[in-house]
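Enquirer: Based on what follows, work out the 3D shape:
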Amino acid sequence: MIADDHSLVREAIAAILQINDFSDVVFAGSLTDAVDRVSEFESFDLILLDYSMPGMNGLDGLSKMIALAGDCPVAILTGVESPDLAHKALELGAAGFIPKTISARSMMSAIKFMADGEKYLPMEFMKAKHTEADGGLSKREMEVLEGICEGKSNKEIAIDLNLQEVTIKLYVKTLTGKLNARNRTHAAMIARDRSLF
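Expert: Numbering: from 1, shown residues only. Next comes the predicted model:
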């Protein structure tokens, strides 16, 4: 089963699978859909869960699916390449952690590996030490980021932290740079994906 809220991703992975003789592929667009599919079908060789799709709530969705799926391996698919998040997923019982940026060949190898009961982690993630998920943000930058995640404006964050609005703008600029975020909304998405709050 491929559970991802982007049809293009589902179809691309399904195409890779079908070329490699995995003909029966079931789709889901949210965690709720995925739960329903597990109830409908007797078993799967492997369940791939998109980390950021609706209903996942960080790694909570992974834990829920692992509990529901029984002996079936459950792996995380994600656009967020975070060794720290990958290790957390494996500690919770994930069969693997697959960045969406890997090649089709690597994707297929990973799927076969996990379907056979093995664990999969990209080689560079295995080499990487547990890194700080916050990207080296200062305490104050983390406070500003938390305000952004709560949907607050710069002015509201400034009032909360007893700072000038222009200072908050500077913090937003530096923290988005450290997180490689395009803008404050993207920074909030990254923070959510890394379970910072």
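
Enquirer: which residues touch stretch 112-125?
Expert: Residues from elsewhere that reach stretch 112-125, judged by C-beta atoms under 8 Å, 6 or more residues apart in numbering: 20, 45-46, 73, 75, 83, 86-87, 90, 95-99, 102, 106, 110. All C-beta spots, glycine's among them, are computed from the backbone N, C-alpha and C.

Enquirer: Quick check: next helix or strand after the lowest-mean-pLDDT helix or strand in the chain?
Expert: The weakest-scoring helix or strand in the chain, judged by mean pLDDT, DSSP states H and E, is helix 123-127 (a mean of 69). Moving toward the C-terminus from helix 123-127, the next helix or strand (DSSP states H and E) is helix 139-149.

Enquirer: Alpha carbons of that following helix, as CSV, please.
Expert: Taking C-alpha atoms only, helix 139-149 is exported to CSV below (Å, rounded to 0.1, in the frame of the first residue of the first chain):
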residue,chain,number,x,y,z
LYS,A,139,16.8,29.7,22.0
ARG,A,140,15.3,33.0,20.8
GLU,A,141,15.0,31.7,17.2
MET,A,142,13.2,28.7,18.5
GLU,A,143,10.8,30.9,20.4
VAL,A,144,10.1,32.9,17.3
LEU,A,145,9.7,29.7,15.2
GLU,A,146,7.2,28.5,17.8
GLY,A,147,5.2,31.7,17.4
ILE,A,148,5.2,31.2,13.6
CYS,A,149,4.0,27.6,14.0
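
Enquirer: could you say what helices and strands it packs with?
Expert: Contacts defined by 3 or more C-beta pairs under 8 Å, 6 or more residues apart in numbering; DSSP states H and E place helix 139-149 against helix 154-161, helix 165-178, helix 184-193.

Enquirer: Show me what counts as buried in that helix.
Expert: For helix 139-149, the neighbour count (16 or more other C-beta atoms under 10 Å) marks Glu141, Met142, Glu143, Val144, Leu145, Glu146, Gly147, Ile148, Cys149 as buried.

Enquirer: and the angle for it with helix 154-161?
Expert: Computed with axes from the mean of the first three to the mean of the last three C-alpha atoms, to 10 degrees, the direction of helix 139-149 lies at 130 degrees from that of helix 154-161.

Enquirer: Low-confidence regions, the chain specifically.
Expert: Across the chain, residues meeting the criterion (pLDDT under 70) sit at 126-135.

Enquirer: centroid residue for it?
Expert: In the chain, the centroid-proximal residue (C-alpha atoms, centre = their mean) is Tyr51; its distance is 3.2 Å.

Enquirer: Quick check, it in contact with Ala75.
Expert: No. In this structure, Tyr51 is not within contact of Ala75 by C-beta atoms under 8 Å, at 10.3 Å.
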